[in-house]
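# got a predicted structure here, sequence first:
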Amino acid sequence: MSVVVQYVVRPNPGTDPAKITELAKEGAVLWRKHGGKVTYWTVAVGEVGNRVLSITFENFAAYGAAVDKMGEDKEVRAWQAKRMKAGYTTWVRSNMATEIEI
């Protein structure tokens with residue numbers, strides 16, 4: 001059963017979209033380093049302009065292992081501090097979903 005985690009953010013007024021994307025790329029490298037399959041989206045209908053970082057794992061065990069490794073990774077903590085200090089976006093929501101086979 002696949003697991004997907006999504007982080008949705010809204011760009012803060014006046015922020016250069018390229019700067020937001022650059023930080024997302026840095027975060028994607030860290031998730032991939034720890035086993036996640038990362039995709040990045042811009043919302044085109046509904047909450048137009050929001051950005052979505054989506055990370056997929058084979059199962060909960062793979063997700064848990066990745067989160068454990070990220071919690072111990074100094075690069076992850078440094079990136080999180082950099083992202084917070086930059087202030088480019090505002091958190092909207094996070095989602096975790098599990099696949100239902102049909």
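Noted; the coordinates are in hand.
# now do the helices in this structure.
17-33, 60-72, 74-86 (DSSP state H).
# quick one, which of these is nearest to Met96?
helix 60-72 (8.1 Å; Cβ to Cβ). Using the backbone N, CA and C atoms, a C-beta is placed for each residue, glycine as well.
# run the chain-centre distance for that closest one.
Distance of helix 60-72 from its chain centroid, counting by Cα atoms, centre = their mean, to the nearest Å, is 14 Å.
# could you do stretch 72-79 as well?
From the chain centre to the centre of stretch 72-79 is a distance of 14 Å (Cα atoms, centre = their mean).
# buried residues of it, list them for me.
Buried residues in stretch 72-79, counted by 16 or more other Cβ atoms under 10 Å: 76, 79.
# with only the CA atoms kept, save that stretch in CSV.
Output of stretch 72-79 as CSV, limited to C-alpha atoms (Å, rounded to 0.1, in the frame of the first residue of the first chain):
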residue,chain,number,x,y,z
GLU,A,72,18.7,12.6,12.5
ASP,A,73,20.1,14.5,9.4
LYS,A,74,21.9,17.7,10.2
GLU,A,75,21.4,18.8,6.6
VAL,A,76,17.6,18.5,7.0
ARG,A,77,17.6,20.7,10.1
ALA,A,78,19.8,23.3,8.4
TRP,A,79,17.4,23.3,5.4
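# just to revisit the earlier point, of the helices of the chain, which is nearest Glu47?
Comparing the helices of the chain by Cβ to Cβ, helix 17-33 comes nearest, at 14.7 Å.
# so for that closest one, mean pLDDT?
Helix 17-33 shows a mean pLDDT of 98.
# list the contacts of it.
Here helix 17-33 makes contact (Cβ atoms under 8 Å, 6 or more residues apart in numbering) with 9, 11, 38, 40, 51, 53, 55, 66, 70, 73, 75-76, 79, 82-83, 86, 88-89.
# quick one: buried ones out of those residues?
9, 11, 38, 51, 53, 55, 66, 70, 76, 79, 83, 88-89.
# what about the residue nearest to Glu101 when sequence neighbours are not counted, how many neighbours?
Distances taken as Cβ to Cβ, 6 or more residues apart in numbering put Met1 closest to Glu101, at 7.5 Å, once the chain neighbours are dropped. Met1 has 10 neighbours, counted by other Cβ atoms under 10 Å.
# done for today, thanks.
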